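> have a look at this prediction, sequence included:
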Amino acid sequence: MELGQLNEGGIELSGGQWQKLAICRGLVREAKVLIMDEPTASLDAKSENKLYENLIKLCHNDKTLILISHRMSACRLCDRILTFSEGKVIEDGTFDELIERKGKFYELYMAQKEYY
């Protein structure tokens, strides 16, 4: 089976399916560090939750996961959060620490929280 429209008779996947395939490829390599930029951008809410649950289990003890996300809810799963502005780290801490400081992270989190 060939994927994509480059090959005659190839099967075209949805954006979410391509994203799941890319994540699986990264996990199969057994790398010690995984960098994921918006890994759930093309996934539905159920798939997003399932992905995060599984990533936490897979990365818990022996892997470092660098997660780049605009979805602030994903930050609750992280051990450490870095907030960037204009390419520079402006805040660093746990979810609870950053919420307590009421800085930029808090501002962004509260802005998204209003929509849920």
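Structure received.
> list the contacts of stretch 71-86.
Stretch 71-86 is contacted from outside by 40, 52, 56, 67, 69, 89-95, 98, 103-105, 108-109, 112-113, 116, using C-beta atoms under 8 Å, 6 or more residues apart in numbering. Every C-beta, even on glycine, is put in place using the N, C-alpha and C of the backbone.
> can you give me the end-to-end distance of that stretch?
18 Å (C-alpha to C-alpha, to the nearest Å).
> mind checking how far it is from the chain centre?
Distance, stretch centre to chain centre, for stretch 71-86: 10 Å (C-alpha atoms, centre = their mean, to the nearest Å).
> hang on, the earlier thing: in PyMOL, how would I select just the buried ones from the contacts of stretch 71-86?
Selecting only the buried entries of those in PyMOL, with 16 or more other C-beta atoms under 10 Å as the criterion:
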select buried, resi 40+52+67+69+91+93+95+98+105+109
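> in helices, which of the contacts of stretch 71-86 fall?
Tyr52, Ile56, Phe95, Leu98, Lys104, Phe105, Leu108, Tyr109, Gln112, Lys113 (DSSP state H).
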